[in-house]
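Visitor: What follows is a predicted structure for the sequence shown.
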2 protein chains.
Amino acid sequence: MGILKPITDNKQPATASAGRNLAVLLEYDGTDFCGYQYQPQVRTIQGELENALKRLFGRPFRVNASGRTDAGVHALGQVAGFILEHDIQVERLPLALNSVLPRDIVVKRAAEAKLSFHPRYSAVGKIYRYCIINRAQPSALLRNYTAFIPYKLDIDAMKRACSHLVGERNFASMMSSGSPVKSTVRNLRRLEVKCRSDGLLIFTAEANGFLYQMVRNIVGTLVDVGRGRLLPEEIPHILEAGDRKAAGPAAPPQGLYLQQVIYPEKIIRWCKDNA
Amino acid sequence: MGILKPITDNKQPATASAGRNLAVLLEYDGTDFCGYQYQPQVRTIQGELENALKRLFGRPFRVNASGRTDAGVHALGQVAGFILEHDIQVERLPLALNSVLPRDIVVKRAAEAKLSFHPRYSAVGKIYRYCIINRAQPSALLRNYTAFIPYKLDIDAMKRACSHLVGERNFASMMSSGSPVKSTVRNLRRLEVKCRSDGLLIFTAEANGFLYQMVRNIVGTLVDVGRGRLLPEEIPHILEAGDRKAAGPAAPPQGLYLQQVIYPEKIIRWCKDNA
């Protein structure tokens, strides 16, 4: 177990001699993890996945994902990749890995990818969901899977605020510090709020890429609009300020789900799982 | 904490001198509980609820529920009642109790009930849900909230089997031992299976009352039908046998939800929660 070292992203595509370039589609419950990225001594998705591969194939593995998720954040469609020399049928990988993974990580599908495929650098987009329980009392069953907001929210105002955020914009005001990037411009292709009769609000955000904690900062700002602390028309000024302090607080991690990573059509094809 | 003793059901309706007859509508996540009923040394819903009342009102409480739920079984609509001498507004009870309850139990509503009301003996029906994930790989997020069945199930055969179970029948074959009853006849008013595109099967069962583990035994038997181990037409013979061993195995607890307890119309009215 101590063999695995902190992982730095491998930007090199796999070469033919290095083995097969495989990818797995992951669902995980982020509740009991200190986030995706490997850290010594604590429970991480990457650490558990690398452990499972080592148990199956008898050597240390280095796994790359489409991106990190914070502690408490969930995934229904995280993508992780690794190089494998073994000749196991790709259709059998989900069952094999699930038999050694803890129950809060599940491999849903596996894929044999082109050698040029990289889970992070090949991605052309991502979709996140964020769920809020908006009613007087919280939910016992969804306590780790939603944020809880007991205040009345003006959904129409929040929808108007969404329209000010969609598009190619500088989202510096929506980026938490701690993860330096070359550019803070992203194309937010879609930002929707749906309101269910039982008080569940579901946000969907799709972009070509997201800055650190960008979804949580956007949702926190939208909640400020819903509570009347901000007007929808103030959103453009918040973005122009380019200052994190101009926007609302980050919404808590347990409402956030990495829903899907989008790749160009032919670079990866998920196998039917017929294990 | 050691003051609370094992609870025997109080069949006497409250008298005027004994205080107000209150009821609470409960949601709970059964994962980390040893079931509803109080037992010393272990975590139970009843124990936590009685503790919360004691913390709020400064004296020991005895709480009656509509019935017990087993370890791992969840509730969206359990009803519990107690006598209270305090003059707290009933609308304020949910927030007050939730402020001292653990996060996996939530009081959704409270009600001032007629003195003749008893959560168990006043009930004229109950609705349970049972959820199964039916696909090749399990769900990480729903692992404690569904049963997982990777085998192909014949949903049409299961629906035909349901029609053989609905009605007023002797359900002795569907009762687990350990809870003696006068009669094993129950009126199963409704038994439905719905199949979602993502592989989630949702069973809904409504009856005037349920025998011990009746829903889990019915679902286990329906799964045997779905897998082809039993024919739908064998259900009448299984019921006629009056023998638990004739039916299928009990489905696991984590897929089961107590959805609703049904009372006569005017005996209880849930307050709007305007805390």
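Guide: Right, received. Where do you want to start? Residues are numbered from 1 along each chain as shown, chains lettered A, B, ... in the order given.
Visitor: pLDDT (mean, whole number) over stretch A:62-74?
Guide: What stretch A:62-74 shows for mean pLDDT is 97.
Visitor: Quick one: end-to-end distance for that stretch.
Guide: Start-to-end span of stretch A:62-74 (Cα to Cα, to the nearest Å) is 21 Å.
Visitor: Just the residues contacting that stretch, thanks.
Guide: With contact meaning Cβ atoms under 8 Å, 6 or more residues apart in numbering or on different chains, stretch A:62-74 is reached by A:7, A:9-10, A:28-31, A:33-37, A:45-46, A:49-50, A:53, A:75, A:78-82, A:118-120, A:123, A:126, A:144-145, A:210, A:213, A:252-254, A:256-258, A:261, B:141. C-beta: built from backbone N, CA, C; applies to glycine.
Visitor: Please identify the buried residues of it?
Guide: Neighbour counts over stretch A:62-74 (16 or more other Cβ atoms under 10 Å in any protein chain shown) mark A:62-74 as buried.
Visitor: cool, stretch A:114-127 as well?
Guide: For stretch A:114-127, burial by neighbour count (16+ other Cβ under 10 Å) applies to A:117-120, A:122-123, A:125-127.
Visitor: with those in mind, which one is nearest to chain B?
Guide: Set against chain B, the nearest of those by Cβ to the nearest Cβ is residue A:127 (16.0 Å).
Visitor: going on from the host helix or strand of the closest one, what's the next piece of helix or strand?
Guide: Applying DSSP states H and E as the criterion places residue A:127 in strand A:125-133. Note on strand A:125-133: by DSSP H and E, the next helix or strand toward the C-terminus is strand A:147-148.
Visitor: And residue A:72, how far from residue A:194?
Guide: 22 Å (Cβ to Cβ, to the nearest Å).
Visitor: repeat for residue A:38
Guide: Residue A:38 is 35 Å from residue A:194, by Cβ to Cβ.
Visitor: The contacts of stretch A:62-74 in strands, which ones?
Guide: Among the contacts of stretch A:62-74, the members falling in strands (DSSP state E) are A:28, A:75, A:78-82, A:126, A:256-258, A:261.
Visitor: ok, and of those, which contact chain B?
Guide: Restricting these to those within reach of chain B (Cβ under 8 Å from any Cβ of the partner chain) leaves residue A:28.
Visitor: wait, which of the ones in strands among the contacts of stretch A:62-74 is closest to residue A:57?
Guide: residue A:82 (9.8 Å; Cβ to Cβ).
Visitor: count of neighbours near the closest one?
Guide: Taking other Cβ atoms under 10 Å in any protein chain shown as the neighbour definition, residue A:82 ends up with a count of 21.
Visitor: Chain B contacts on the stretch 51-200 of chain A?
Guide: Along the stretch 51-200 of chain A, the residues adjacent to chain B under the rule Cβ under 8 Å from any Cβ are A:74, A:76, A:94-95, A:98, A:103-108, A:136-141, A:143, A:145.
Visitor: before we move on, the earlier item: tell me which two in the ones in strands among the contacts of stretch A:62-74 are the farthest apart.
Guide: A:82 and A:256 (24.9 Å).
Visitor: so how far is chain B from residue A:27?
Guide: Going from residue A:27 to chain B by Cβ to the nearest Cβ, to the nearest Å gives 5 Å.
Visitor: Repeat that for residue A:73.
Guide: Relative to chain B, residue A:73 is positioned 12 Å away (Cβ to the nearest Cβ).
Visitor: And for residue A:183?
Guide: 33 Å.
Visitor: Check residue A:92 too.
Guide: Taking Cβ to the nearest Cβ, one finds residue A:92 at 11 Å from chain B.
Visitor: Who has more neighbours out of residue A:38 and residue A:194?
Guide: Applying other Cβ under 10 Å to residue A:38 and residue A:194 shows that residue A:38 carries more neighbours, namely 21 against 11.
Visitor: Confirm for me that that one is in contact with residue A:48.
Guide: No - contact between residue A:38 and residue A:48 fails when scored by Cβ atoms under 8 Å: they sit 9.5 Å apart.
Visitor: just checking, residue A:202 is part of a strand?
Guide: Yes - when classified by DSSP: H, G, I helix; E, B strand; the rest coil, residue A:202 is found to be part of a strand.
Visitor: and it, how many neighbours?
Guide: A count of neighbours around residue A:202, defined by other Cβ under 10 Å, yields 16.
Visitor: Tell me what it is bridged to.
Guide: residue A:131, residue A:194 (DSSP bridges).
Visitor: OK, contacts around it?
Guide: For residue A:202, the contact set (Cβ under 8 Å, 6+ apart) comprises A:129-131, A:193-194, A:196.
Visitor: ok, so what distance separates it from residue B:141?
Guide: 15 Å.
Visitor: What's the local residue count around residue A:227?
Guide: Neighbourhood size, residue A:227 [other Cβ under 10 Å]: 16.
Visitor: Nearest residue to it in space, ignoring adjacent ones along the chain?
Guide: Nearest residue to residue A:227, sequence neighbours excluded (Cβ to Cβ, 6 or more residues apart in numbering or on different chains): residue A:151, at 5.5 Å.
Visitor: Narrow the contacts of residue A:202 to those that are buried.
Guide: A:129-131, A:193.
Visitor: Could I get those in JSON lines, plus columns for distance to residue A:266?
Guide: Listed next are those as JSON lines, based on distance: Cβ to Cβ, whole Å:
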{"residue": "A:129", "distance to residue A:266": "27"}
{"residue": "A:130", "distance to residue A:266": "31"}
{"residue": "A:131", "distance to residue A:266": "33"}
{"residue": "A:193", "distance to residue A:266": "34"}
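Visitor: got TSV for the residues you listed, with pLDDT too?
Guide: Shown next, in TSV, are those (pLDDT from 0 to 100):
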residue	pLDDT
A:129	98
A:130	98
A:131	98
A:193	97
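Visitor: Mind picking the one among the residues you listed that's closest to residue A:270?
Guide: For those, the nearest to residue A:270 is residue A:129 (19.8 Å; Cβ to Cβ).
Visitor: Look up how far chain B lies from that closest one.
Guide: Residue A:129 is 12 Å from chain B, by Cβ to the nearest Cβ.
Visitor: Check residue A:48 too.
Guide: From residue A:48 to chain B the distance is 11 Å (Cβ to the nearest Cβ).
Visitor: since we're on that residue, how many residues are nearby?
Guide: A count of nearby residues for residue A:48, using other Cβ under 10 Å, gives 18.
Visitor: Then the one 5 residues further on?
Guide: Summarising burial for residue A:53: neighbours were counted as other Cβ under 10 Å, giving 26.
Visitor: what sits against it?
Guide: Neighbouring residues of residue A:53 by Cβ under 8 Å, 6+ apart: A:61, A:63, A:82, A:97.
Visitor: Next one, pLDDT for it please.
Guide: Per-residue confidence for residue A:53 comes out at a pLDDT of 98.
Visitor: where are the low-confidence patches of chain A?
Guide: Counting by pLDDT under 70, chain A shows low-confidence ranges at A:1-18, A:273-275.
Visitor: what's across from residue A:257 in the sheet?
Guide: residue A:74, residue A:129.
Visitor: ok, the closest residue to residue A:144 other than its chain neighbours - how many residues close by?
Guide: Nearest residue to residue A:144 in three dimensions, chain neighbours excluded: residue A:31, at 4.5 Å (Cβ to Cβ, 6+ apart). Each residue near residue A:31 was counted by other Cβ under 10 Å, and the total is 16.
Visitor: before we move on, back to that, run through the neighbouring helices and strands of the strand holding residue A:127.
Guide: Judged by 3 or more Cβ pairs under 8 Å, 6 or more residues apart in numbering or on different chains; DSSP states H and E, strand A:125-133 is in contact with strand A:147-148, strand A:200-207, helix A:214-226, strand A:256-262.
Visitor: and residue A:100, how many neighbours?
Guide: Neighbour count for residue A:100, taken as other Cβ under 10 Å: 13.
Visitor: Against chain B, how distant is it?
Guide: Distance check for residue A:100 against chain B: by Cβ to the nearest Cβ, it reads 13 Å.
Visitor: contacting residues for residue A:120?
Guide: A:9, A:64-67.
Visitor: For burial, what's the neighbour tally of the residue nearest to residue A:132 when sequence neighbours are not counted?
Guide: What sits nearest to residue A:132 in space, not counting adjacent residues and going by Cβ to Cβ, 6+ apart, is residue A:201, at 4.3 Å. Neighbour count of residue A:201, defined by other Cβ under 10 Å: 24.
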